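*Asks:* structure for this input, please:
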Amino acid sequence: MWIPVSLVILRCAIAPFLLWDAWDGRVSPVFLVAYGIAVMSDIFDGIIARRLDVSTEGLRTADSWADRWLYLCVAIAAWRTHAEVILDFREPLLTVVGLQGMWWVVNLAKYGRPASYHTYSAKAWGLSLISVAIALFGYNTGGLLLWIAIILGCFHTLEEIMMTLLLPTWHHDVLSIVHAFRLRRLSHQP
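*Replies:* Residues are numbered from 1 along each chain as shown. Next up, the predicted model:
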């Protein structure tokens, strides 16, 4: 259990470093290396936990919180270093933020806590965010990659809102809305 837990803690520790590195409006070359390590920790914590059969509700919830913390710090770092790109994309970015706000409201109203689904769409959105981070912090551009990330973020968030509306009880590691339908059907069988 200590390996996946350590990877979650590592991601939490790297996040404020990214913010600190970008605070003056520029990032050092270490920024993308540290971000890459954080992303790798996110990929491997779940893989290792499943392989070791220690993928508990608590670990998956901590993983979700570490992801939120990391991407909050990256978003603030993007604002500090590339405010012009953020302002150019403000309406679509605010759409994603608004949908995320709805996601929080729906989950807190239904379950009293945020979901921790780790869906395929979340993985796709995460990969798109990696591409955007490399483009933005490495090459000072957003463009098409940012549009793709925004579209995937909207799709992912809407899928998870629908999953929460479908599932009668809180679950972790529900990979898609198809899996949520199956869980719902199973919960209604005698």
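
*Asks:* chain center to the helix or strand harbouring Ile130: distance?
*Replies:* Per DSSP states H and E, Ile130 falls inside helix 120-133. Averaging C-alpha positions (C-alpha atoms, centre = their mean, to the nearest Å) puts helix 120-133 8 Å from its chain's average.

*Asks:* list of residues touching it?
*Replies:* For helix 120-133, the external contacting residues (C-beta atoms under 8 Å, 6 or more residues apart in numbering) are 32, 35, 39, 42, 67, 71, 74, 78, 142, 145-146, 148-149, 152-153, 155-156, 159-160, 175-176. The way it works is simple: take the backbone N, C-alpha and C, and place the C-beta from them, glycine included.

*Asks:* restricted to buried residues, select these in PyMOL.
*Replies:* With 16 or more other C-beta atoms under 10 Å as the criterion, this PyMOL line picks the buried residues out of the contacts of helix 120-133:
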select buried, resi 35+39+42+67+71+74+78+142+145+146+148+149+152+153+156+159+160+176
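
*Asks:* take the contacts of helix 120-133 and keep only those in helices.
*Replies:* Those of the contacts of helix 120-133 mapping onto helices are 32, 35, 39, 42, 67, 71, 74, 78, 145-146, 148-149, 152-153, 155-156, 159-160, per DSSP state H.

*Asks:* quick check: the residue nearest the centre of the chain vs Arg26, distance?
*Replies:* Geometric centre of the chain, nearest residue: Asp67, 5.0 Å, by C-alpha atoms, centre = their mean. Distance, Asp67 to Arg26, using C-beta to C-beta, to the nearest Å: 25 Å.

*Asks:* would you map out the domains in the chain?
*Replies:* Following automatic domain parsing, the chain resolves into domains at 1-81, 89-190.

*Asks:* could I get those domains as a markdown table with mean pLDDT?
*Replies:* As requested, those are arranged in a markdown table below (pLDDT from 0 to 100):
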| stretch | mean pLDDT |
| --- | --- |
| domain 1-81 | 91 |
| domain 89-190 | 93 |
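
*Asks:* about what we covered before: how about the residue nearest to the centre of the chain: what's its closest non-neighbour residue?
*Replies:* Excluding its sequence neighbours, the residue lying closest to Asp67 (C-beta to C-beta, 6 or more residues apart in numbering) is Asp42, at 6.3 Å.

*Asks:* so what's the one you found up against?
*Replies:* The contact partners of Asp42, taken as C-beta under 8 Å, 6+ apart, are 7, 11, 63, 66-67, 70, 126.

*Asks:* can you lay out those residues as CSV showing distance to Phe89?
*Replies:* Below are the contacts of Asp42 laid out as CSV (distance: C-beta to C-beta, whole Å):
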residue, distance to Phe89
Leu7, 31
Arg11, 25
Asp63, 28
Ala66, 26
Asp67, 21
Leu70, 20
Gly126, 19
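
*Asks:* which PyMOL command selects the buried ones in these?
*Replies:* A single PyMOL command is used to select the members of those judged buried by 16+ other C-beta under 10 Å:
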select buried, resi 7+11+63+66+67+70+126
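
*Asks:* alright, I will stop here.
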